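K.L.:
Kindly return the folded structure for what I paste below:
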Amino acid sequence: MPIGWIDFSKNERNKVLKVLDLLSENSTLDELGIATIRDGFSDLFFPGTSTIQTRAKYFFIVPYALRDLERSGETNVDKFLKYLNDIEEACAKVFIENNLGDTGIIGKRSIANDKWVKRSPADIYWSGLRQYKIFKGGNLSIQEYARAICSINAKKNNFIKLGNNNDKAEENEADDRDAGDIRSIHFWDIPTYDDEWFDNLHIELTKDEAEFLKERIINSCEESLFAYVLKNNLPQIMDCENFIELGNIIKLFPEKIQKDYSLAKDFSEFNYLLRVVYNIVLSDGKNEEANEIFADLYSDMKEIANIDLESIFTCTFAQRNPMMCKFLLDSQRAILDDNITELKKIVSSREIFLKGSGRARCAHPGEFDSTEWFGGGKLYYRFDNAIKIIKDICRGKENVKSK
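P.N.:
The predicted model follows:
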């Protein structure tokens, strides 16, 4: 039976879409429920990023658009968010018209089909804007922020209408102008803002933007791998094809980052082995790719499983998910005991526990395309997305234009 939800509002739809994002990496579902560790390591290394971020410029487009809207005096929340959506779509059209090609333009495919995206840049980058303290409204969601702005605008409009009969007319006019200046609320720390930003729109960062974003990342998450790369100018990271290759230069980083990287790399290999077993189970042993990979890994299986799960749980706060921890410990024990039959049962039971016997693929082995791979590959912890941001910052710092 198809599963869905009733789309009561954009706010409710976004909540569901965000949950789905948390369950995915590289468009693959987290079939075995290890997202707590995956996202824990991702936030440890590359805070403020997500798997659906494309270019660093959106860290500026969103606050620029919202600064404009704050000053518009809008008092209706739905209209406020609709105008934001319209500005974001207009930005995408400008990028497309400039023939930028495949450069991470959000909405390019949707616009080609006369539609717009379900997840706008504001939704995608909001967490990062809060993380880097570009947005100074604490943990407010974008909807809560919009309500706050519209409420403030409504109150200021009422003050303007009431006036102040005790002051001179000139003083009244000055008070009215001050009351209408929403910038005094200081929701944003965005010194690169310019009134004509849309007229000078480019996907590349200006030099000022690149230097500002670099400073924000360094200051807001100084102990992360992300910040260390930017602070110490380590372009070598851009030569790494993926998170695993980062091991080639990991000795350039502090001991704490080296240790966390080692744990994350070990877990990626361990989880990949479980995903291979998962594909063998649900295909009832008929997935040739999974069988071949398992055969290649078998001689190293105990070494792969001989990892410090307790330390992994600690640094990713995985103890908050005790059933996930139990699943991983049980899987480790079965591998070390060379009990593959038991391992398959543990993997199958895990998916059934998460989804129920009706939805779990492992509860219906052999009923799926045995040539298809389910559950993704190795974990790269948003490495690819962070590299895009780093590259944009590096290019922007070399931009001769300051605005």
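K.L.:
What are the neighbouring residues in contact with residue 253?
P.N.:
Residue 253 makes contacts with 225, 228, 261, as judged by CB atoms under 8 Å, 6 or more residues apart in numbering. For every residue, glycine as well, the C-beta is placed using N, CA and C.
K.L.:
For it, give its distance to residue 112.
P.N.:
Plainly put, residue 253 is 42 Å away from residue 112 if you go by CB to CB, to the nearest Å.
K.L.:
go on, residue 308?
P.N.:
For residue 308, the distance to residue 112 - CB to CB - is 48 Å.
K.L.:
higher neighbour count, the two?
P.N.:
The neighbour comparison of residue 308 against residue 112 (other CB atoms under 10 Å) goes to residue 308, with 14 against 9.
K.L.:
OK, contacts around that one?
P.N.:
By CB under 8 Å, 6+ apart, the contact list for residue 308 reads 263, 266.
K.L.:
can you count the residues close to residue 252?
P.N.:
Using other CB under 10 Å, residue 252 has 14 other residues around it.
K.L.:
Mind naming the longest helix for this protein?
P.N.:
helix 255-282 (DSSP state H).
K.L.:
Show me which positions of that helix end up buried.
P.N.:
For helix 255-282, a neighbour-count test (16 or more other CB atoms under 10 Å) marks 257, 260-261, 263-282 as buried.
K.L.:
From the chain's centroid, how far away is it?
P.N.:
Chain-centre distance of helix 255-282: 20 Å, with CA atoms, centre = their mean, to the nearest Å.
K.L.:
What's the first helix or strand after that helix?
P.N.:
helix 288-298 (DSSP states H and E).
K.L.:
between that following helix and helix 255-282, how big is the angle?
P.N.:
130 degrees (axes from the mean of the first three to the mean of the last three CA atoms, to 10 degrees).
K.L.:
for the next helix or strand after helix 288-298, packing partners?
P.N.:
Note on helix 288-298: by DSSP H and E, the next helix or strand toward the C-terminus is helix 301-305. Where contact means 3 or more CB pairs under 8 Å, 6 or more residues apart in numbering; DSSP states H and E, helix 301-305 is packed against helix 255-282, helix 322-336.
K.L.:
does the nearest residue to residue 38 once chain neighbours are set aside sit in a helix, a strand or a coil?
P.N.:
Nearest in space to residue 38, with sequence neighbours left out and distances taken as CB to CB, 6 or more residues apart in numbering, is residue 379 at 5.5 Å. Here residue 379 is coil, with the state taken from DSSP: H, G, I helix; E, B strand; the rest coil.
K.L.:
Please list all residues in contact with residue 32.
P.N.:
271, 274, 275, 278, 327, 347, 350, 351, 354, 375.
K.L.:
now do residue 80
P.N.:
69, 74, 146, 149, 150.
K.L.:
Pretty sure the fourth one sits against residue 70.
P.N.:
Yes: here residue 149 reaches residue 70: they are 5.6 Å apart, a contact under CB atoms under 8 Å.
K.L.:
Residue 374 and residue 318: what is the separation?
P.N.:
From residue 374 to residue 318 the distance is 23 Å (CB to CB).
K.L.:
hey, where'd the strands end up in this structure?
P.N.:
Remark: strands assigned in the chain by DSSP state E are 24-25, 28-29.
K.L.:
Out of these, which gets the lowest mean score?
P.N.:
Per-stretch mean pLDDT for those is lowest at strand 24-25 (a mean of 44).
K.L.:
which residue is nearest the middle of the chain?
P.N.:
The chain has residue 50 as the residue nearest its centroid, 1.5 Å off, counting by CA atoms, centre = their mean.
K.L.:
Could I get the full set of helices for the stretch 1-150 of the chain?
P.N.:
10-22, 35-45, 58-70, 77-97, 108-112, 121-131, 142-162 (DSSP state H, counting those that start in this stretch).
K.L.:
Tabulate those (a markdown table), appending distance to residue 208 and mean pLDDT.
P.N.:
A markdown table is the format used below for the helices of the stretch 1-150 of the chain (distance: least, CB to CB, whole Å; pLDDT from 0 to 100):
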| stretch | distance to residue 208 | mean pLDDT |
| --- | --- | --- |
| helix 10-22 | 31 | 47 |
| helix 35-45 | 27 | 96 |
| helix 58-70 | 10 | 96 |
| helix 77-97 | 19 | 94 |
| helix 108-112 | 27 | 90 |
| helix 121-131 | 17 | 96 |
| helix 142-162 | 25 | 86 |
